[in-house]
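Novice: Sequence isn't available, so here's the structure alone:
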């Protein structure tokens with residue numbers, strides 16, 4: 001069944017866990033969709049895992065549109081959510097709506113995600129008014145890494161915890177259909193999940209959220225630059241990939257590949273006439 005923002009909300013009511021994973025191209029989106037995930041997130045994390053940046057701040061609208069369109073082509077059932085990159089929604093409400101519209105029209109997104117709490121509520125409301133579903137993002141918001149002073153757990157102090165709960169309520173009131181909650185203590189994440197009627201999708205936020213999201217490179221052991229505490233490697237395909245490529249290198253250099261089974265034939269008479 002095709003997943004939509006409505007099925008997301010229904011899942012929370014039924015207490016059914018939602019599964020979200022990133023994908024940034026046709027092939028991976030197709031594989032993830034076939035595995036039955038509820039949503040595929042084309043995250044600005046592509047800046048780090050695909051483009052090699054140290055953070056997400058250099059990712060552009062052009063990057064997001066390019067990868068979103070590619071992922072869309074591999075999806076049949078999952079909901080496609082695409083990140084709004086840094087500076088695509090902070091300047092003005094008008095620009096926020098315009099860029100969200102571009103992700104839908106040019107990137108084929110079915111929903112957009114943007115970071116922030118009370119400060120982005122007017123932007124969220126305007127995008128929703130334009131008939132574009134919005135997922136919020138609270139806690140560790142990577143586009144604010146320079147403000148936070150690094151990738152750090154959020155909400156450990158009383159006022160910060162209260163603000164996260166209030167921000168979640170404000171995003172819900174603004175029309176967000178769901179919220180990603182990143183790097184927040186588990187007990188606080190439970191309080192936030194219980195405080196709103198829309199699904200809370202955790203990443204480093206414990207087991208009490210309505211669902212989970214991870215970057216596929218982390219799930220499959222394909223990103224070795226660093227590994228966050230909240231990541232579990234479910235299949236170490238990074239090692240398998242290196243093994244496969246190493247074998248390819250070895251066989252080509254030894255002349256063991258390609259063999260006859262990998263080559264095409266031509267009539268011998270033609271060769272003789274050449």
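Specialist: All right, it came through fine. Small disclaimer: the values here were computed from a predicted structure and weren't measured.

Novice: pLDDT on whichever helix or strand residue 194 is part of, on average?
Specialist: Here residue 194 sits within helix 186-195, counting by DSSP states H and E. The average pLDDT for helix 186-195 rounds to 98.

Novice: So what touches that helix?
Specialist: 138, 155, 161, 164-165, 168-169, 181, 184, 200, 202, 205-210 (Cβ atoms under 8 Å, 6 or more residues apart in numbering). Glycine gets a C-beta too; all of them are placed from N, C-alpha and C.

Novice: Show the subsequent helix or strand relative to the helix-or-strand element of the chain with minimal mean pLDDT.
Specialist: When the helices and strands of the chain are scored by mean pLDDT, DSSP states H and E, helix 145-148 comes last with a mean of 89. Using DSSP H and E, the helix or strand that follows helix 145-148 in sequence is helix 158-174.

Novice: starting at the chain centroid, how far to that next one?
Specialist: 22 Å (Cα atoms, centre = their mean, to the nearest Å).

Novice: How far off centre is stretch 173-190?
Specialist: Here stretch 173-190 is found 15 Å from its chain centre; the criterion is Cα atoms, centre = their mean.

Novice: which parts of it are buried?
Specialist: 174-185, 188-190 (16 or more other Cβ atoms under 10 Å).

Novice: and those, which two are the farthest apart?
Specialist: Across the buried residues of stretch 173-190, no pair lies farther apart than 175 and 185, at 27.3 Å, counting by Cβ to Cβ.

Novice: Distance of the nearest residue to residue 156 once chain neighbours are set aside relative to residue 140?
Specialist: Spatial nearest neighbour of residue 156, chain neighbours left out: residue 185 (6.3 Å); criterion: Cβ to Cβ, 6 or more residues apart in numbering. Going from residue 185 to residue 140 by Cβ to Cβ, to the nearest Å gives 12 Å.

Novice: what number of residues lie near residue 157?
Specialist: The number of residues packed around residue 157, counting by other Cβ atoms under 10 Å, is 9.

Novice: What does it show for phi and psi?
Specialist: Dihedral pair for residue 157: phi -100, psi 150, per degrees, to the nearest 10.

Novice: Helices along the stretch 1-150 of the chain, start to end?
Specialist: 5-14, 26-34, 46-49, 61-72, 93-105, 121-129, 145-148 (DSSP state H, counting those that start in this stretch).
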